[in-house]
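>>> I'd like to go over a predicted model; first the sequence, then the structure.
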Amino acid sequence: DSGVTQTPKHLITATGQRVTLRCSPRSGDLSVYWYQQSLDQGLQFLIQYYNGEERAKGNILERFSAQQFPDLHSELNLSSLELGDSALYFCASSVGADPYEQYFGPGTRLTVT
Amino acid sequence: KNQVEQSPQSLIILEGKNCTLQCNYTVSPFSNLRWYKQDTGRGPVSLTIMTFSENTKSNGRYTATLDADTKQSSLHITASQLSDSASYICVVSARYGNKLVFGAGTILRVKS
């Protein structure tokens, strides 16, 4: 158990809908990272937040947005969902802004039908 | 362009045998390289992290090597077990820009 929690574990929704994925980092970690892993694909970095502020941006679509709240939990919002958004979404956390030691959560499996 | 390439793409070995996975990278300037193990449907778990000055690091039956001159790393698994069946991902960090570059992974299957 990495100490990073993600909810929900599974999510099934229809195209065009909007969903919110939630992540709670390990106690004491200030950074949260979001990753997407499509079937048989590698991990794709989406975005990083550090202590409430956006720190780094990867291949995040404009339909996706994220934020980190004062209690350091983070939410990833996915809107106007398409079939191709079906994937595992992982959250990771680290103590500082540098991703030297990252701990990954169990992931949320999103299925868009 | 910063890239990480892993080989082989997939591998099947018999329980008890050793194997070596390869990772070549072009990320520059280099900060560190890590190997993760990812069980199907689970989050990746860190096995080793190596900085520029380290050329070998062990974690139980897993031993990673790094040659920063040739920009190559390998992960050696000794006396494989069925539980080693997983995807092994090489991740390289650039010194600036907070960027992690992920390899596509090597899928290892250990069979009895």
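Yep, it's here.

>>> show me what contacts A:L39?
Going by Cβ atoms under 8 Å, 6 or more residues apart in numbering or on different chains, A:L39 touches A:86-87. (Each C-beta comes from the backbone N, C-alpha and C, glycine too.)

>>> what about it, distance to chain B?
Going from A:L39 to chain B by Cβ to the nearest Cβ, to the nearest Å gives 11 Å.

>>> now do stretch B:40-57: distance to the chain's middle.
Distance of stretch B:40-57 from the chain centroid (Cα atoms, centre = their mean, to the nearest Å) equals 7 Å.

>>> can you point out the buried residues in that stretch?
The neighbour-count check on stretch B:40-57 (16 or more other Cβ atoms under 10 Å in any protein chain shown) flags B:42-44, B:46-50, B:57 as buried.

>>> can you pull the phi/psi pair for B:Q6?
Recorded main-chain torsions at B:Q6 are phi -120, psi 150, according to degrees, to the nearest 10.

>>> quick one: neighbours of it, just the number.
When neighbours are counted by other Cβ atoms under 10 Å in any protein chain shown, B:Q6 registers 22.

>>> ok, now B:V92?
25.

>>> could you point out the helix or strand that follows the helix or strand harbouring it?
Assessed by DSSP states H and E, B:V92 sits inside strand B:86-94. Next helix or strand after strand B:86-94 toward the C-terminus (DSSP H and E): strand B:100-102.

>>> sheet-wise, list the partners of that next one with their directions.
strand B:86-94 (antiparallel) (DSSP bridges).

>>> name the residues that touch the partner strand?
Contacts of strand B:86-94 (Cβ under 8 Å, 6+ apart): A:42-43, A:99-100, B:2, B:4, B:6, B:21, B:23, B:25, B:27-40, B:44, B:47, B:73, B:75, B:99-103, B:105-108.

>>> the lowest-mean-pLDDT helix or strand in chain B: what's the following helix or strand?
Of all helical and strand segments in chain B, the minimum by mean pLDDT, DSSP states H and E falls on strand B:100-102, at a mean of 86. Beyond strand B:100-102 on the C-terminal side, the first helix or strand identified by DSSP H and E is strand B:106-111.

>>> strand partners (parallel or antiparallel) of that following strand?
Strand B:106-111 pairs in its sheet with strand B:10-14 (parallel), strand B:86-94 (antiparallel), by DSSP bridges.

>>> report the buried residues of that strand.
B:106-108, B:110.

>>> can you tell me which of these is nearest chain A?
Of all the buried residues of strand B:106-111, B:I107 has the smallest distance to chain A: 9.3 Å, by Cβ to the nearest Cβ.

>>> residues of chain A that sit close to chain B?
By Cβ under 8 Å from any Cβ of the partner chain, the residues of chain A that approach chain B are A:2, A:4, A:41-45, A:48, A:55-56, A:88, A:90, A:92, A:97-107, A:109.

>>> if you set the cut-off to 10 Å instead, what comes out?
When proximity is defined by Cβ under 10 Å from any Cβ of the partner chain, chain A lies next to chain B at A:2, A:4, A:6, A:9, A:31, A:33, A:35, A:37, A:40-45, A:48, A:50, A:55-58, A:88, A:90-92, A:97-107, A:109.

>>> make a PyMOL selection of the buried ones in the residues you listed.
In PyMOL syntax, the buried subset of those is picked out as below (16+ other Cβ under 10 Å):
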select buried, chain A and resi 2+4+6+31+33+35+37+42+43+45+48+50+55+56+58+88+90+91+92+97+99+102+103+104+105+106+107+109
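
>>> neighbours of B:A68, how many?
The number of residues packed near B:A68 is 16, by other Cβ under 10 Å.

>>> sweet, I'm off.
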